[in-house]
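1. Sequence plus predicted model, see below.
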Number of protein chains: 2
Amino acid sequence: MPLLPSSSQNHLLAALPQAEFALLEAHLELVALPLGKMLYEPGTQLQHAYFPTTAIVSLHYVTESGASAETAGVGNEGVVGISLFMGGDTTSSSAVVQTAGHAYRLERRRLKQEFDRGSLMQRLLLRYTQALMTQMSQTAACNRHHSVEQQLCRWLLLTYDRVSSRELVITQELIAGMLGVRREGVTEAAGNLQREGFISYRRGHISVLDKAGLESRACECYAVVKKELNRLLSDVQYRQEGVAPAAFDNRAGLSGTSIRQDSARRSG
Amino acid sequence: MPLLPSSSQNHLLAALPQAEFALLEAHLELVALPLGKMLYEPGTQLQHAYFPTTAIVSLHYVTESGASAETAGVGNEGVVGISLFMGGDTTSSSAVVQTAGHAYRLERRRLKQEFDRGSLMQRLLLRYTQALMTQMSQTAACNRHHSVEQQLCRWLLLTYDRVSSRELVITQELIAGMLGVRREGVTEAAGNLQREGFISYRRGHISVLDKAGLESRACECYAVVKKELNRLLSDVQYRQEGVAPAAFDNRAGLSGTSIRQDSARRSG
DNA sequence: GATCTTCTGTGCGCTAGCGCACATACACCG
DNA sequence: CGGTGTATGTGCGCTAGCGCACAGAAGATC
């Protein structure tokens, strides 16, 4: 169900009151973000902030030895380019498009200008930044203590919540890169989940069949991150009702999330 | 070499210009932070921000199963209570005193008030927050890819930079809790480091003998975090020269950091 | 439709780190 | 100064995940 591109698909932009939004609108530029595109690399000066609508961006760190690990993901609930308004300009991590799609981008100076006005935009961005910190610290703990399968479930659920389709377009190899584990480990875990009917997949495509099932196998980290995102961004008012989802989960409020029975019926 | 308590021992406070500092000074309250004191728990409303001088605070997350992992540490380079000005009020992690010492605390409302003025304080706090994010994401990557020994070195170095004494007062058991690993793992790694003359320890005390040695065994994460802290907090002007260190490392600019030869001479 | 690329499945030996169980020994305190 | 609690040392079996190597299979390309 591809919607027409609209800046209100991004929760942060959608939360701006008309007056504030009007100031920005003319400077928002819709850009396509292809899979794998690098929005910034460690140490480079970012020129734009990106407000994803359908794209998902992965913030990750690559070690000296070439190993990588995602520290947080950004979908239409947030913005890529925190360092622009935090004052650091650059970061030691990089940002890569993990799910192709679109984003609205805003020039560095415009963002900073708006932020420094101490507007609602500032408040939104700071709250979002805190949610991002929760993701990062949760990822740190998760990397230490939870199994590959648990982490795969967490990752699938977080990604699933950020897209409007049931099918994620990504290879196991790339997922392994995000989680910082072996591709074979992902293959094995995904195999188990498929055998149990929670997901189904084919080369480069993963479909979530039973969200509740995945949740039962995920570690707590998914729930913690999701709850925190909802909490921190929930009390904002939306400019237009019915356009932007009121929760992190893009399907929140829609019909039941589990389609397991449906597909079982279809295939049986 | 215990200095008299002074708010300028905290880098953020020391960086405020006289005019701004004057507004806060009367509201800063010196408090002693004993080892193990919990400054906040997940979900609780924090009443004060803490600006450590000699104390070190560990931000960490405890999993449902009781396992824990530090996501970042805060010494006199920073402040505990980010969520107060970020707008979230609470966090999903907790803050525990890891090295006993002192801190200046500031009431929630005062901090928020000062922050909202858009003063230099705001700029400082945001930059520090970004440095904190670097720590968190680096910890996530480190937890995934680096060995216990590497992580122990990283942790020792970061802690060492935050204290003014050569000796850290902490048990291996507590360190294990910070790193989220087994106590035995720390014992083994520490044993190796001691055998090589990089550190020496006895029940609850660890002395750094050869900082360069530790650096050679640490993962890159130490350098990345330290560099980022220095970068983000380096261009601030200090109120009084010669009082506050200009770098994260409390010993920066002092005589050589390695005392290995000395101690070898002494014991040989 | 044949070819070629890339993704997924599987096996196997290896290692780091875990969990547990004690032994030892230091430091404090009465 | 001896006793006691706590910190550290060590051994051992176990498992998750790694690294590697290769087989099979699904799509893309022409």
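-> Okay, I see it.

2. would you list every one of the helices in the stretch 151-268 of chain A?
-> A:172-179, A:183-195, A:211-217, A:221-234, A:260-267 (DSSP state H, counting those that start in this stretch).

3. With mean neighbour count and distance to residue B:64 as added columns, please give those in JSON lines.
-> C-beta: built from backbone N, CA, C; applies to glycine. Formatted as JSON lines, the helices of the stretch 151-268 of chain A follow (neighbours: other C-beta atoms under 10 Å in any protein chain shown; distance: least, C-beta to C-beta, whole Å):
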{"stretch": "helix A:172-179", "mean neighbour count": "20", "distance to residue B:64": "20"}
{"stretch": "helix A:183-195", "mean neighbour count": "17", "distance to residue B:64": "20"}
{"stretch": "helix A:211-217", "mean neighbour count": "17", "distance to residue B:64": "14"}
{"stretch": "helix A:221-234", "mean neighbour count": "21", "distance to residue B:64": "10"}
{"stretch": "helix A:260-267", "mean neighbour count": "11", "distance to residue B:64": "26"}
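
4. Looking at these, which is nearest to DNA strand D?
-> Between DNA strand D and the helices of the stretch 151-268 of chain A, the shortest separation by C-beta to the nearest atom of the strand is 3.8 Å, and it involves helix A:183-195.

5. Could you see whether DNA strand C lies near that closest one?
-> Yes. Counting by C-beta under 7 Å from any atom of the strand, DNA strand C is contacted by helix A:183-195 at A:183-184, A:187-188, A:190-191.

6. sorry, back to before: now the helices of the stretch 151-268 of chain A in CSV, with distance to residue A:139 and mean pLDDT?
-> Converted to CSV, those look like this (distance: least, C-beta to C-beta, whole Å; pLDDT from 0 to 100):
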stretch, distance to residue A:139, mean pLDDT
helix A:172-179, 10, 97
helix A:183-195, 17, 97
helix A:211-217, 18, 97
helix A:221-234, 7, 93
helix A:260-267, 28, 38
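
7. Out of the ones you listed, which is closest to residue A:83?
-> In terms of C-beta to C-beta, the element of the helices of the stretch 151-268 of chain A nearest to residue A:83 is helix A:221-234, at 19.1 Å.

8. So which elements touch the closest one?
-> Packing partners of helix A:221-234 (3 or more C-beta pairs under 8 Å, 6 or more residues apart in numbering or on different chains; DSSP states H and E): helix A:120-145, helix A:148-162.

9. so of these, which one's packed in deepest?
-> Highest mean neighbour count among these (mean count of other C-beta atoms under 10 Å in any protein chain shown): helix A:120-145, with a mean of 25.

10. That helix vs chain B: in contact?
-> Yes. Helix A:120-145 reaches chain B (C-beta under 8 Å from any C-beta of the partner chain) through A:123, A:126-127, A:129-134, A:136-141, A:143-145.

11. now the end-to-end length of stretch A:26-39.
-> 22 Å (C-alpha to C-alpha, to the nearest Å).

12. That stretch - what's its average pLDDT?
-> Average pLDDT, stretch A:26-39: 95.

13. Is residue A:167 bridged to anything, and to what?
-> With DSSP bridges as the criterion, residue A:167 is bridged to residue A:207.

14. What of residue A:60?
-> Under the criterion used here (DSSP bridges), residue A:60 is bridged to residue A:70, residue A:94.

15. Count the neighbours of it for me.
-> Other residues near residue A:60 come to 23 when the count uses other C-beta atoms under 10 Å in any protein chain shown.

16. Touching, it and residue A:68? I think so.
-> Yes. Using C-beta atoms under 8 Å, residue A:60 is in contact with residue A:68, at 5.5 Å.

17. Overlap of the contact sets of these two?
-> Shared contacts of residue A:60 and residue A:68 (C-beta atoms under 8 Å, 6 or more residues apart in numbering or on different chains): residue A:178.
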